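> got a predicted structure here, sequence first:
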Amino acid sequence: MRPFDVQINGYAGVDFCSDSLTADDLHIACEALQRDDVDGILATVITDSVESLTAKLSNMVRLREADPLAKRIVAGFHIEGPFLNPEVGYIGAHPPEAVVAANADDTKRLLDAADGLTRIFTLAPEQDPDQSTTRLLVDQGVTVSAGHCNPSLDQLKAGIDAGLSMVTHFGNGCPVELPRHNNILQRFLACRESLWFSFIPDGAHIDFFALKNYVDLIGLDRCVMITDAITAATLGPGLHEISGMTVEVDANGVARKPGSLNLAGSTITMPGICRNLKEHLRLNEADISCLVDINPRRAIGLETS
């Protein structure tokens, strides 16, 4: 089994979203990931001004190129935002003031800064009403994922027709309370045959009984497990910084904005995910390998051996 994490914001005290990420920082994170038997990741940057995001991506490209370990571990980037839904509940821990509508100019700037290494781009389909940004990304070989969003069923289907093929951390990036039937989760599930679904299996982002229901309904062959880890992963309880935002991690490893119920990424690790899938979902090693190794690579178009 070679776990591959398609959404990870930081690790072992290192923040991939930092404006001042150094070569030593990146190497430390990659060493820690290697110790945890992670074979590869998509380093993830979250919503910020386009100028700041391009600077962060360009810096990571440079640092990765100079470090053989980082080049092996960091297979590419996941850009989560800034084309998200800014409404409370849907925006989650992302800064709403930095959200912009999807557009070609900003998309090209971000792709250029990532130097061809963008593998996933998370956006809100309703922020791309003519699907032109989705098509642009798909034409560049990028997996387009819906997240922090609330599209109508018609908007979601139009995105899928344009090439959108994934859901980012299903069950999250939406309000705690939703309409009983016509809600974003039900709309995603209605289109499950056309989408990959990523989940954070830490017991906080989704209760394990609900996760099992979703996996049973969607099917193992369309599900991907992610950490969505932040810099606090492996560090334990306390206050930590991610992208200039203070996050508080409780005794159970749950990360939130201080004084808020909003989750702010996770501190789960891949070994922890594998344990949870075995203990709480009663999955065997072959099924776990499918969820953390084979499917993540397939979802982003990487060859699997």
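Structure received. Residues are numbered from 1 along each chain as shown.

> would you check that residue 185 makes contact with residue 171?
Yes: with contact defined as C-beta atoms under 8 Å, residue 185 reaches residue 171; the gap is 6.6 Å. Any C-beta I mention is one placed from the backbone N, CA and C, and that applies to glycine too.

> those two: which is more packed in?
Neighbour tally, residue 185 and residue 171, criterion other C-beta atoms under 10 Å: the higher count belongs to residue 171, 18 against 13.

> gap between that one and residue 44?
18 Å (C-beta to C-beta, to the nearest Å).

> doesn't residue 209 lie inside a helix?
Yes: Residue 209 sits within a helix when classified using DSSP: H, G, I helix; E, B strand; the rest coil.

> quick check: it vs residue 298, distance?
27 Å.

> who has more neighbours out of these two?
residue 298 (16 against 9).

> could you say what helices and strands the one helix or strand that one maps to packs with?
Element membership for residue 298 (DSSP states H and E) is helix 295-299. If you count contacts as 3 or more C-beta pairs under 8 Å, 6 or more residues apart in numbering; DSSP states H and E, helix 295-299 packs onto strand 4-8, strand 196-199, strand 223-225.

> in a markdown table, list those along with mean pLDDT and distance to residue 110.
A markdown table is the format used below for the helices and strands packed on helix 295-299 (pLDDT from 0 to 100; distance: least, C-beta to C-beta, whole Å):
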| stretch | mean pLDDT | distance to residue 110 |
| --- | --- | --- |
| strand 4-8 | 98 | 17 |
| strand 196-199 | 98 | 20 |
| strand 223-225 | 98 | 22 |
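
> residue ranges with poor pLDDT in the stretch 101-250 of the chain?
For the stretch 101-250 of the chain, the stretches with pLDDT under 70 are 243.

> at 80 instead, please
Counting by pLDDT under 80, the ranges of the stretch 101-250 of the chain that qualify are 241-245.

> need the strands for it, in chain order.
Ranges of strands in the stretch 101-250 of the chain, per DSSP state E, counting those that start in this stretch, are 118-123, 143-146, 166-167, 196-199, 223-225, 238-242, 245-249.

> and those strands: which comes nearest residue 287?
strand 223-225 (9.9 Å; C-beta to C-beta).

> now the closest one, how far from the centre of its chain.
11 Å (C-alpha atoms, centre = their mean, to the nearest Å).

> which strands and helices sit next to it?
Secondary elements touching strand 223-225 (3+ C-beta pairs under 8 Å, 6+ apart): strand 196-199, helix 295-299.

> single out the most deeply packed of those.
strand 196-199 (a mean of 25; mean count of other C-beta atoms under 10 Å).

> state the pLDDT value of the nearest residue to residue 49 once chain neighbours are set aside.
Excluding the flanking residues, the one nearest residue 49 by C-beta to C-beta, 6 or more residues apart in numbering is residue 98, at 5.5 Å. pLDDT recorded at residue 98 is 97.

> mind checking how far residue 98 is from residue 89?
From residue 98 to residue 89 the distance is 17 Å (C-beta to C-beta).

> before we move on, what about residue 292?
29 Å.

> same deal with residue 176?
Residue 176 is 7 Å from residue 89, by C-beta to C-beta.

> so where do the helices sit in the stretch 1-150 of the chain?
23-35, 50-65, 68-73, 104-113, 132-139 (DSSP state H, counting those that start in this stretch).

> picking that back up, state the mean pLDDT of the helix holding residue 298.
98.

> and that helix, how far out from the chain middle?
13 Å.

> stretch 67-82 too?
On C-alpha atoms, centre = their mean, the centre of stretch 67-82 falls 12 Å from that of its chain.

> so residue 287 makes contact with residue 219?
No: using C-beta under 8 Å, residue 287 is not in contact with residue 219, being 11.2 Å away.

> wait, residue 148 touches residue 94, no?
Yes: here residue 148 reaches residue 94: they are 6.4 Å apart, a contact under C-beta under 8 Å.
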